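>>> Quick one, fold the following:
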Amino acid sequence: MNSRYEVVIGLEVHVQLTTKTKIFCGCSTEFGQSPNSQTCPVCLGLPGALPVLNRQVVEDGIKAGLATNCQIAPRSIFARKNYFYPDLPKGYQISQFELPICEHGWMDIETEELGQKRVGITRIHMEEDAGKLLHNEDNSSSVDLNRACTPLLEVVSEPDMRSSEEAIAYLKQLHQIVVYLGICDGNLEEGSFRCDANVSIRPWGQKELGTRSELKNLNSFRFIKQAIEYEVERQIDVIDEGGKVVQETRLFDPDAGVSRSMRSKEEAHDYRYFPDPDLLPLQISEDWIEQVRRQLPELPEAKIVRFQDEMGLPAYDAGVLAAERRLAEYFEVLVQLYNKPKICSNWVMGEVLGALKEKNLEIVDCPVSPELLAGILLRIDDNTISGKIAKIVFEEIWQSGKTADQVIEEKGMKQVSDTGAIEVIVDEVLAANPGQVAEYRAGKEKMMGFFVGQVMKASKGKVNPGMANQLLKKKLSE
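I've put the predicted structure just below:
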């Protein structure tokens, strides 16, 4: 925290929706296709082409608004945002201005340093994306309009954040929510979740906001944090040296770790917004809002509370398991099959997430399904295998996709629980280690771990360790 200046941050986040078709036409939104292969007269802006609103985009907007405590407008209007750039085929962008679909929301964020804080959400509005400029090696530029008319939600926060840590906490929570809702894939590198940061500083105690700079080209949480921190220091240096911060748009260069001026914004752009004459006002009934509300999944915050209250999980476990919707679903299916939540949590957070990280896979790609994992845990419970052998069974299932019973049978992994057979192994271990036996009987009880280890080694891990422990204590006390 700077002793002389307070940092003020507001964020504008573009959330690209996962609809199969564009917002005002039937063209595909699939990423990575050949340039200009997913276009039509509407998204090319050809004369006479008329936009038709995609209903799913509206429902996604309602979902986002409900999940961020916004008021859903019963009547909203599409507007034309006029500016001229090569990747904007119509010469205007269809957006919303005076009457957006959602307003006056909030999210509670939490940082380690400051604890919980409420960040206001000014508005969420629907709009179409522009195309993409491609800069070629011969210094020429091309335009790919596949992305033109792709549906976006723009989420505009209040200038309530006071540090880069708060900004990242807000972004990560918003990112988690839109992915949980299934309305965005959250891919920052592909531009599905893009952020512009408005940053200014002001002397402590001053009510008026300082002059802000808008930071663009931010495609990772790490770069966003770096860009904000650099911009804060830059503005402090400008003021301390007697200069004046000017309103401008700046591009962040992640390689150099600096931002550079892109264009001056001494006066706000006059986009000459006016209602789009081709699109009727959007009417959203209470019945429609309630229908969408019933479709909402349980969100992370509520899921964390339930995992703790109903399943008795520690806060850390609940936070990890609820972080991703698919991971939470995997865990809940497992608990339905094997109703010992903490043991399930240990295995999911340990073996499952560890293996996924090692193989660079997502939970949806996990070859060990909840059903297969439950099979392992049930075999531990009935003493068919030990916990140690269970981990080997897990690895075998990961490779083969077979059930625990199949792996145990084929590999001869069944745990030895026959008292007579275990006693023979125990006797052999004690006979082979008379020195250690004498030490134990002289009071060095830590030697028990050594004896159990030797029994497990002699049996190749197949002996029931609890029974081995009991027999060792009995024999050593004789």
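
>>> and stretch 206-215, which residues are buried?
Buried residues in stretch 206-215, counted by 16 or more other C-beta atoms under 10 Å: Gly210, Thr211, Arg212, Ser213, Glu214, Leu215. The way it works is simple: take the backbone N, C-alpha and C, and place the C-beta from them, glycine included.

>>> Just the ones in strands from these, please.
Mapping the buried residues of stretch 206-215 onto strands (DSSP state E) picks out Ser213, Glu214, Leu215.

>>> What strand or helix carries Asp237?
helix 221-240 (DSSP states H and E).

>>> Pull the distance from the helix or strand immediately after that helix in the chain to the chain's centre.
Next in sequence after helix 221-240, counting helices and strands by DSSP H and E, comes strand 248-253. From the chain centre to the centre of strand 248-253 is a distance of 26 Å (C-alpha atoms, centre = their mean, to the nearest Å).

>>> The longest strand anywhere in the chain: which residues count as buried?
Scanning the chain for the strand with the most residues, using DSSP E, yields strand 115-128. The neighbour-count check on strand 115-128 (16+ other C-beta under 10 Å) flags Lys117, Val119, Ile121, Thr122, Arg123, Ile124, His125, Met126, Glu127, Glu128 as buried.

>>> Could you chop the chain up by domain?
For the chain, automatic domain parsing gives the domain ranges 5-287, 298-411, 419-476.

>>> mean pLDDT for those domains: which is lowest?
Ranked by mean pLDDT, the domains of the chain end with domain 419-476 at the bottom, a mean of 81.

>>> How far does it stretch from one end to the other?
This stretch, domain 419-476, spans 16 Å end to end (C-alpha to C-alpha, to the nearest Å).

>>> Same question for stretch 281-289.
With C-alpha to C-alpha as the measure, stretch 281-289 spans 17 Å from end to end.

>>> got the contact list for that stretch?
Stretch 281-289 is contacted by residues 53, 58, 62, 66, 72-78, 99, 101 when judged by C-beta atoms under 8 Å, 6 or more residues apart in numbering.

>>> related to what we said a few turns ago, so can I have JSON lines of the buried residues of stretch 206-215 showing distance to Ala390?
Output for the buried residues of stretch 206-215, formatted as JSON lines (distance: C-beta to C-beta, whole Å):
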{"residue": "Gly210", "distance to Ala390": "60"}
{"residue": "Thr211", "distance to Ala390": "62"}
{"residue": "Arg212", "distance to Ala390": "57"}
{"residue": "Ser213", "distance to Ala390": "56"}
{"residue": "Glu214", "distance to Ala390": "54"}
{"residue": "Leu215", "distance to Ala390": "50"}
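
>>> Tell me which two in those are the farthest apart.
The span of these, defined through C-beta to C-beta, is set by Gly210 and Leu215 at 14.8 Å.

>>> Can you show me the helices along the stretch 51-200 of the chain?
Along the stretch 51-200 of the chain, counting by DSSP state H, counting those that start in this stretch, helices occupy 55-67, 164-181.

>>> With mean neighbour count as extra columns, can I get those helices in CSV?
Output for the helices of the stretch 51-200 of the chain, formatted as CSV (neighbours: other C-beta atoms under 10 Å):
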stretch, mean neighbour count
helix 55-67, 22
helix 164-181, 21
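
>>> so how far is stretch 386-404 off the chain centroid?
Stretch 386-404 sits 29 Å away from the centroid of its parent chain (C-alpha atoms, centre = their mean).

>>> Over to stretch 322-338?
Centre to centre, stretch against its chain (C-alpha atoms, centre = their mean), the figure for stretch 322-338 is 16 Å.

>>> Show residues contacting that stretch.
The contact list for stretch 322-338 (C-beta under 8 Å, 6+ apart) reads 176, 179-180, 182, 297, 300, 303-304, 307, 311, 321, 341, 344-345, 347-348, 352-353, 362-364, 366, 370-371, 373-374, 377-378.

>>> tell me which residues in that stretch are buried?
322, 324-325, 327-328, 330-335, 337-338.

>>> and if you look at stretch 286-304?
For stretch 286-304, the buried set under the neighbour-count rule, 16+ other C-beta under 10 Å, comprises Trp288, Ile289, Val292, Leu299, Pro300, Lys303, Ile304.

>>> Take these and keep only those in helices.
When those are checked against helices (DSSP state H), the matches are Trp288, Ile289, Val292, Pro300, Lys303, Ile304.

>>> Just put the residues you listed in TSV and tack on distance to Ile109.
Shown next, in TSV, are these (distance: C-beta to C-beta, whole Å):
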residue	distance to Ile109
Trp288	30
Ile289	25
Val292	25
Pro300	12
Lys303	17
Ile304	14
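
>>> Relative to Glu112, which of those is nearest.
Proximity of those to Glu112 was ranked by C-beta to C-beta; the top entry is Ile304 with 16.8 Å.

>>> quick revisit: make a ChimeraX selection of whichever of the contacts of stretch 322-338 turn out to be buried.
Of the contacts of stretch 322-338, the buried ones go into a single ChimeraX selection, burial set by 16+ other C-beta under 10 Å:
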select :176,179,180,300,303,304,307,311,321,341,344,345,347,348,352,353,363,366,370,373,374,377
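
>>> Excluding covalently adjacent residues, which one is nearest to Val292?
Closest residue to Val292 apart from its sequence neighbours, by C-beta to C-beta, 6 or more residues apart in numbering: Ile62 at 4.5 Å.

>>> who's in contact with the one you found?
By C-beta under 8 Å, 6+ apart, the contact list for Ile62 reads Ile72, Ile101, Cys102, Ile284, Trp288, Ile289, Val292.

>>> hmm, try it at 10 Å
By C-beta atoms under 10 Å, 6 or more residues apart in numbering, the contact set of Ile62 is 70, 72, 101-102, 124, 284, 288-289, 291-293, 295-296.

>>> how about JSON lines for those residues, with distance to Asp144 added?
Shown next, in JSON lines, are the contacts of Ile62 (distance: C-beta to C-beta, whole Å):
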{"residue": "Cys70", "distance to Asp144": "33"}
{"residue": "Ile72", "distance to Asp144": "34"}
{"residue": "Ile101", "distance to Asp144": "28"}
{"residue": "Cys102", "distance to Asp144": "30"}
{"residue": "Ile124", "distance to Asp144": "27"}
{"residue": "Ile284", "distance to Asp144": "34"}
{"residue": "Trp288", "distance to Asp144": "35"}
{"residue": "Ile289", "distance to Asp144": "37"}
{"residue": "Gln291", "distance to Asp144": "37"}
{"residue": "Val292", "distance to Asp144": "33"}
{"residue": "Arg293", "distance to Asp144": "38"}
{"residue": "Gln295", "distance to Asp144": "34"}
{"residue": "Leu296", "distance to Asp144": "35"}
